[in-house]
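*Asks:* Below are the sequence and a predicted model for it; my questions follow.
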Amino acid sequence: MGYPHKSHARETAVLSEFFGVKEATTLDGWKKRGGYTALQKCLGMAPADIVTVVKDSGLRGRGGAGFPTGVKWSFMKPGDGKPHYLCCNADESEPGTFKDREIMRWTPHALIEGCAIGSYAIGAETCYIYIRGEFTEPIVRVEAALKECYAGGILGKNAMGTGKTIDIYVHRGAGAYICGEETALMNSLEGKRGNPRIKPPFPAVSGVFASPTTINNVETLAAVPHIINNGAAWYKQWMRPDNPKSTGTKLYSVCGNIQRPGNYEVPMGFPFKDFLYDLCGGPLPGRKFRAIIPGGISVPIQTVDEAEASLMDYEGFVAQGTMLGSGGVIVFDDAQNLVKQIARAARFFAHESCAQCTQCREGTAWTTKILERIVAGDGTPEDLDTLLEIAENMTGKTICVLSDSCATPVVSGLKKFRGDFEALIKKKKHFLVPAVA
Amino acid sequence: MSNHVHAEYAPLFTPGSARRKELDEVLSRYPTKMAALLPALWMVQHDHGWVSDEGMAEVAGVLDLTPAYVKGVVTFYTMYHQHPVGKHFIQVCTTSPCNVCGAEAVVDSLLRHTGCLELGQTSPDGKYTVIEVECLGACGFATPIMINEDFIESVTPENVPQILGALE
């Protein structure tokens, strides 16, 4: 964690080692901590060799999809004569997630170094860091760090004196969750409405400015310098012996009804039960955990039993009916009205839908309307089937997965906490005759 | 919502101006002019407090776009104000993670202490506008609010008066 509290003894602080250390935000402070040695090393390597190291490390995308980073990079063909671009997705907007914000606030140079290495590895001379508009402080910190890098000869037309060009720019978003979807991000960067694009073509073929493009999350890129410096085998020390598909450390943002919210970094395969009760301190006094969303609001809700049985990696969460997602852990306790919170999640998606696809535009709005009606005490027993029917029509039928994400808490909520919905419908205030004086 | 007219709109990007130079530098980062649209709109909002039709027309002119195209982009993004807002524009996160930590009580407290009658309306003295915002990305520090460009974490109904007092 590092900020606002010290790291817990059971954390493995690789990315978060310098959270809270003001000096680490500066170029000198970063160099003192081994900064830019990995970039120096990479600029002397063949791009394909860098891709091989990252592939071997098993690093997977930390934004939510979990796609192997080295494989993604290998889709790019440096030297094909076309301009290539790297986009860093810093549009962190998934409710429950605030890890990229801390990386940018405390270790902006870790991100810049990762971006520079990634750019060189995929044959890109330009990298855009797309930061959500609300992240004013991260924008200031990353821009200040970039200024230092240009002044210090690390970036620009002669990056680290090698004659190679690496330019990195910050692009500020303007308030749209959907711009975290990679093709919407590219449209937004081009000065368009942030509507997701139909794939194919995939970004590696035709991405931003119709050129080959790779998009990586902040946490993914920040991990790259460590892997280059220490090697793929070092990174793979953190995995379950029986699951080589998830390697390294992962940052989890913890929020909701829990004793110690904040960012925690643990190795892949860490027991979720220990994480919730030991590292995060368990439920608030006198309360009990009721439901947990482990990977940002787009992943299925877990019961406490499922959560306590989970191992924290891509496959471990799938085995317990959910997904690792972005690592945004949202905890609900027994004092909460779960249906109200699912309705609030639906309202979020209805607000953020780009409205391109009918299933999403209509589905998110109607889901919200029906759920809010149930919360208000005007629900009917048929509403629950209607919700599931709408959810069915919203899943797997649209250009991007925002629509599916809205259906997820509804379907998993109804499956695991149906009684909560039914109790609200039974209490139906609609039939109460108001007392007239 | 009524159409606001920005009577005393002062152009930003006149040749030789500081903003024009800044925009030219921004343009050098991208292969297309259109890509400078979001940055240019931020400049307009920063200098004028909101993005009026006149502002959109000016941006359209310098970037070789049509005003209708610019309007289409402006209306997509929630952070561009299409009408004037209070001196202190306050956004409160009320999405699920903050909601379970009492964000709605923070909204009530902010409305009460700013004199705003309801969300989205500017207080009669023109000082404040309070809106709900979807996930500010600081869920572990519930409830986060933004006042103009400043981020404030761990806001409670009780510390609202102190935060507002510090703005004076």
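*Replies:* Looks like it came in fine. Note that the structure is a prediction, hence the values are computed from the model and not measured. Numbering: from 1, shown residues only, chains lettered A, B, ... in the order given.
*Asks:* Break chain A down into its structural domains.
*Replies:* A:22-235, A:249-333, A:338-428 (automatic domain parsing).
*Asks:* do chain B as well
*Replies:* B:1-83, B:88-165.
*Asks:* biggest strand in chain A by residues?
*Replies:* Criterion DSSP state E: the longest strand present in chain A is strand A:249-256.
*Asks:* Using PDB, write out the CA atom coordinates for that one.
*Replies:* The C-alpha coordinates for strand A:249-256 follow below in PDB (Å, rounded to 0.1, in the frame of the first residue of the first chain):
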ATOM      1  CA  THR A 249       2.200  -9.300  -8.400                       C
ATOM      2  CA  LYS A 250      -1.100  -7.500  -8.700                       C
ATOM      3  CA  LEU A 251      -2.400  -4.300  -7.200                       C
ATOM      4  CA  TYR A 252      -5.900  -4.500  -5.700                       C
ATOM      5  CA  SER A 253      -8.000  -1.400  -4.800                       C
ATOM      6  CA  VAL A 254     -10.200  -2.100  -1.800                       C
ATOM      7  CA  CYS A 255     -13.300  -0.100  -1.000                       C
ATOM      8  CA  GLY A 256     -16.700  -0.200   0.500                       C
END
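*Asks:* Let me know the average pLDDT across it.
*Replies:* Averaging pLDDT along strand A:249-256 yields 97.
*Asks:* For stretch B:65-77, which residues meet the burial criterion?
*Replies:* Neighbour counts over stretch B:65-77 (16 or more other C-beta atoms under 10 Å in any protein chain shown) mark B:65, B:69-71, B:73-74, B:76-77 as buried. C-beta: built from backbone N, CA, C; applies to glycine.
*Asks:* on that earlier part again, what strands flank the longest strand of chain A, and is each parallel or antiparallel?
*Replies:* If you go by DSSP bridges, strand A:249-256 pairs up with strand A:262-267 (antiparallel), strand A:328-333 (parallel).
*Asks:* average pLDDT for stretch A:312-321?
*Replies:* 97.
*Asks:* go on, stretch A:404-413?
*Replies:* 97.
*Asks:* and the domains of chain A as a markdown table, adding mean neighbour count?
*Replies:* Formatted as a markdown table, the domains of chain A follow (neighbours: other C-beta atoms under 10 Å in any protein chain shown):
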| stretch | mean neighbour count |
| --- | --- |
| domain A:22-235 | 21 |
| domain A:249-333 | 22 |
| domain A:338-428 | 20 |
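*Asks:* And those domains: which comes nearest residue B:84?
*Replies:* domain A:22-235 (17.8 Å; C-beta to C-beta).
*Asks:* Tell me how far the closest one lies from the chain's centre.
*Replies:* 14 Å (C-alpha atoms, centre = their mean, to the nearest Å).
*Asks:* coming back round to it: most tightly packed of the domains of chain B?
*Replies:* Most buried of the domains of chain B by mean neighbour count (mean count of other C-beta atoms under 10 Å in any protein chain shown) is domain B:88-165; its value is a mean of 19.
*Asks:* circling back: figure out which of the strands paired with strand A:249-256 is closest to residue A:11.
*Replies:* Of all these, it is strand A:262-267 that lies closest to residue A:11, at 5.3 Å by C-beta to C-beta.
*Asks:* and residue B:123, what does it touch?
*Replies:* B:86, B:114-116, B:129 (C-beta atoms under 8 Å, 6 or more residues apart in numbering or on different chains).
*Asks:* Next: residue A:271.
*Replies:* A:310-312.
*Asks:* Quick check: it vs chain B, distance?
*Replies:* Residue A:271 is 21 Å from chain B, where distance means C-beta to the nearest C-beta, to the nearest Å.
*Asks:* How about residue A:150?
*Replies:* For residue A:150 relative to chain B (C-beta to the nearest C-beta), the value is 12 Å.
*Asks:* who does the helix or strand hosting that residue touch, helix- and strand-wise?
*Replies:* Using DSSP states H and E, residue A:150 sits within helix A:136-151. Of the remaining helices and strands, those touching helix A:136-151 by 3 or more C-beta pairs under 8 Å, 6 or more residues apart in numbering or on different chains; DSSP states H and E are helix A:27-32, helix A:99-106, helix A:108-122, strand A:126-131, strand A:167-172, strand B:150-152.
*Asks:* ok, 6 Å please
*Replies:* helix A:99-106, helix A:108-122, strand A:167-172 (3 or more C-beta pairs under 6 Å, 6 or more residues apart in numbering or on different chains; DSSP states H and E).
*Asks:* what would the ones you listed look like in JSON lines with mean pLDDT?
*Replies:* JSON lines is the format used below for the helices and strands packed on helix A:136-151 (pLDDT from 0 to 100):
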{"stretch": "helix A:99-106", "mean pLDDT": "97"}
{"stretch": "helix A:108-122", "mean pLDDT": "98"}
{"stretch": "strand A:167-172", "mean pLDDT": "98"}
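*Asks:* Identify whichever of these lies nearest to residue A:82.
*Replies:* That would be helix A:108-122 among those, by C-beta to C-beta, at 11.7 Å.
*Asks:* Who are the packing partners of that closest one?
*Replies:* So helix A:108-122, by 3+ C-beta pairs under 6 Å, 6+ apart, packs with helix A:37-43, helix A:47-57, strand A:85-90, helix A:136-151, helix A:218-230.
*Asks:* among those, which is nearest residue B:148?
*Replies:* Here helix A:136-151 is closest among those (C-beta to C-beta), at 9.0 Å.
*Asks:* Residues touching the closest one, excluding its own?
*Replies:* A:27, A:101, A:104-105, A:108-109, A:112, A:131, A:155-156, A:168, A:170, B:149, B:151 (C-beta atoms under 6 Å, 6 or more residues apart in numbering or on different chains).
*Asks:* 8 Å - rerun?
*Replies:* By C-beta under 8 Å, 6+ apart, helix A:136-151 touches A:25-27, A:90, A:100-101, A:104-105, A:108-109, A:111-112, A:129, A:131, A:155-156, A:168-170, A:172, B:146, B:149-151.
*Asks:* List the residues that contact residue B:122.
*Replies:* B:84-86, B:116, B:128-129 are the contacts of residue B:122 under C-beta under 8 Å, 6+ apart.
*Asks:* let's go with 7 Å and repeat that
*Replies:* By C-beta atoms under 7 Å, 6 or more residues apart in numbering or on different chains, residue B:122 lies in contact with B:85-86, B:128-129.
*Asks:* Next: residue B:20.
*Replies:* Residue B:20 touches B:13-14, counting by C-beta under 7 Å, 6+ apart.
*Asks:* For the helix or strand in which it is found, give the mean pLDDT please.
*Replies:* Here residue B:20 sits within helix B:18-27, counting by DSSP H and E. In this model, helix B:18-27 carries a mean pLDDT of 98.
*Asks:* picking that back up, can you say which of the helices and strands packed on helix A:108-122 is nearest to residue B:91?
*Replies:* Proximity to residue B:91 (C-beta to C-beta) singles out helix A:136-151 among those, at 11.5 Å.
*Asks:* Distance check, residue A:415 against residue A:408.
*Replies:* Separation of residue A:415 from residue A:408 (C-beta to C-beta, to the nearest Å): 11 Å.
*Asks:* now residue B:148
*Replies:* 35 Å.
*Asks:* Alright, I will stop here.
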